[in-house]
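[1] Sequence unavailable; structure follows:
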């Protein structure tokens, strides 16, 4: 649910993103765990701290 809400927010605000779906590409689970993430979604952007979960307050910073 949070993944779809985050995706919708990014699309509605025209924020370009690359989706990595752990259901289709399970190797990403190990990568995220190795980086200390324990919940989804994880949004990583250049020059910004990673965002975990659906956080519209934090996603606002990505809107150009």
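    Sure, I can see it. It should be emphasised that the depicted structure is a prediction, and the values quoted were computed from it without experimental measurement. Residues are numbered from 1 along each chain as shown.

[2] Can you list the low-confidence ranges for the protein?
    By pLDDT under 70, the chain has no low-scoring segment.

[3] Scan it for its longest helix.
    For the chain, the helix with the greatest residue count under DSSP state H is helix 2-12.

[4] Name the residues that touch the helix or strand that comes right after it?
    Moving toward the C-terminus from helix 2-12, the next helix or strand (DSSP states H and E) is helix 27-34. With CB atoms under 8 Å, 6 or more residues apart in numbering as the test, helix 27-34 has contacts from 20, 22, 40, 42. Glycine gets a C-beta too; all of them are placed from N, C-alpha and C.

[5] Are any of these buried, and if so which?
    Of the members of the contacts of helix 27-34, the ones counted as buried by neighbours, 16 or more other CB atoms under 10 Å, are 22, 40, 42.

[6] want to try TSV for those residues, with distance to residue 29 as columns?
    Putting the buried ones among the contacts of helix 27-34 into TSV (distance: CB to CB, whole Å) gives the following:
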residue	distance to residue 29
22	5
40	9
42	11
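
[7] Looking at the residues you listed, which one is closest to residue 16?
    Nearest to residue 16 out of the buried ones among the contacts of helix 27-34 is residue 42 (CB to CB; 16.6 Å).

[8] ok, now which ones touch that closest one?
    Shown in contact with residue 42 (CB under 8 Å, 6+ apart): 32, 50-52.

[9] now do 7 Å
    Residue 42 makes contact with 32, 50, 52, according to CB atoms under 7 Å, 6 or more residues apart in numbering.

[10] Which among these count as buried?
    Counted by 16+ other CB under 10 Å, these give 32, 52 as buried.

[11] out of the contacts of residue 42, who's nearest residue 7?
    Among these, and counting by CB to CB, the member closest to residue 7 is residue 52, at 14.8 Å.

[12] Distance to residue 4 added to the contacts of helix 27-34, as CSV?
    Formatted as CSV, the contacts of helix 27-34 follow (distance: CB to CB, whole Å):
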residue, distance to residue 4
20, 15
22, 14
40, 11
42, 14
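
[13] with those in mind, which one is nearest to residue 13?
    Using CB to CB, residue 42 comes nearest to residue 13 of the contacts of helix 27-34, at 18.1 Å.
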